[in-house]
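[1] got a predicted structure plus its sequence, pasted below:
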Amino acid sequence: MTISPERLPPRLPLRLLVAAPRGFCAGVDRAITIVERALEIYGKPVYVRHEIVHNKYVVDALKEKGAVFVETLDDVPDDVPVVFSAHGVPKAVPDKAAERGLDYIDATCPLVSKVHRQAERQVQSGRHIVFIGHKGHPEVIGTFGQVPEGNMTLVETKEDAEQLSPRDPANLAFLTQTTLSVDDTKAIIAVLERRFPSIIGPRGEDICYATSNRQEAVKAIAAACDLMLVIGAPNSSNSLRLVEVAEREGIDAKLVQRGGDIDFAWLEGVGTLGLTAGASAPELLVREVVDRLAERFDVEEQVIESVKERMVFKLPRSLEAA
Ligand code: SF4
């Protein structure tokens, strides 16, 4: 039975504020291009150690083109090229790849590599590093793997910073993961600086431009919204931080991976909806979410840009030359 249009319930208006910047950052863009270029140059298969970026849609699209995703180098056969993900890897990984004679391409984001070099420098100057980050995240594992064991201590919270008892409190440096909450990290650094006044660190912290801009963009629209949708994967650190930022601004926030994840019950009583996407979520998924909303609502979309981004990272020289 078909229902005549006159008998359908009226579509409710929905004001949609779309945060900008949102979605892909320069590091993610570069990492995906590296895999695509490697496929063009070497042909399939190209192996990728760990998800190139934390987004299932991106990973599945690259699988279709011939990329094979594995978690360890042991799963990479001899004689095939391998790409290391944007999150970075411990030094032992390229060393082992070189030992095996594998062709490897490092897609570590240049902003993560910058933290790696800072870690090496601090340890060379004899300082112990307090690293602010999330235990088990591949970026944290990669950064710890830049220096000999025992030279870095992980701090996840203000409480951890309060309880820290380093062997040489006068000889400390701090570094941070690139995708943290700007506000939480400032609070942790404040504890470290109060307890260890001679601690040295980067200016501000190492949180990258893309992470802080996306958090600022959420803050810029949150006050006008009843609910925030964040497009991103559950293992994407910067997407989870966007959910937290919205919640701290006093509104409910939901993480969705695709348009189909939206539960329309969330939108009952919502007049203005905020929408953003983590740094590993493509714009195509933003459009998919808007289309899904338009199935039920008369959507009035407005983009609110808090800052312009123009960052572009060069490809590794070996790929550019090829
Ligand atoms: Fe690089 Fe930041 Fe993007 Fe991570 S979120 S890939 S650190 S630009």
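    Great, that's in hand.

[2] which stretches of the stretch 1-150 of the chain have low pLDDT?
    1-8 (pLDDT under 70).

[3] what ranges do the helices span in it?
    Ranges of helices in the stretch 1-150 of the chain, per DSSP state H, counting those that start in this stretch, are 26-42, 56-65, 92-99, 110-124, 138-144.

[4] make TSV out of those and add distance to residue 202 and mean neighbour count.
    Where you see a C-beta, it was placed from the backbone N, CA and C, and this is true even at glycine. What follows is these, written out as TSV (distance: least, Cβ to Cβ, whole Å; neighbours: other Cβ atoms under 10 Å):
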stretch	distance to residue 202	mean neighbour count
helix 26-42	17	20
helix 56-65	29	16
helix 92-99	24	14
helix 110-124	6	17
helix 138-144	13	22
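
[5] could you show me where the strands are in the stretch 101-250 of the chain, in order?
    104-106, 128-132, 152-155, 172-176, 227-231 (DSSP state E, counting those that start in this stretch).

[6] and among those strands, the most buried is which?
    strand 227-231 (a mean of 26; mean count of other Cβ atoms under 10 Å).

[7] quick check: angle from it to helix 56-65?
    Put simply, strand 227-231 runs at 20 degrees to helix 56-65, going by axes from the mean of the first three to the mean of the last three Cα atoms, to 10 degrees.

[8] in its sheet, what does strand 227-231 sit against?
    strand 252-256 (parallel), strand 272-277 (parallel) (DSSP bridges).

[9] let's have those strands in a markdown table, adding mean neighbour count, mean pLDDT and distance to the ligand.
    Output for the strands paired with strand 227-231, formatted as a markdown table (neighbours: other Cβ atoms under 10 Å; pLDDT from 0 to 100; distance: least, Cβ to the nearest ligand atom, whole Å):
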| stretch | mean neighbour count | mean pLDDT | distance to the ligand |
| --- | --- | --- | --- |
| strand 252-256 | 18 | 98 | 16 |
| strand 272-277 | 25 | 98 | 12 |
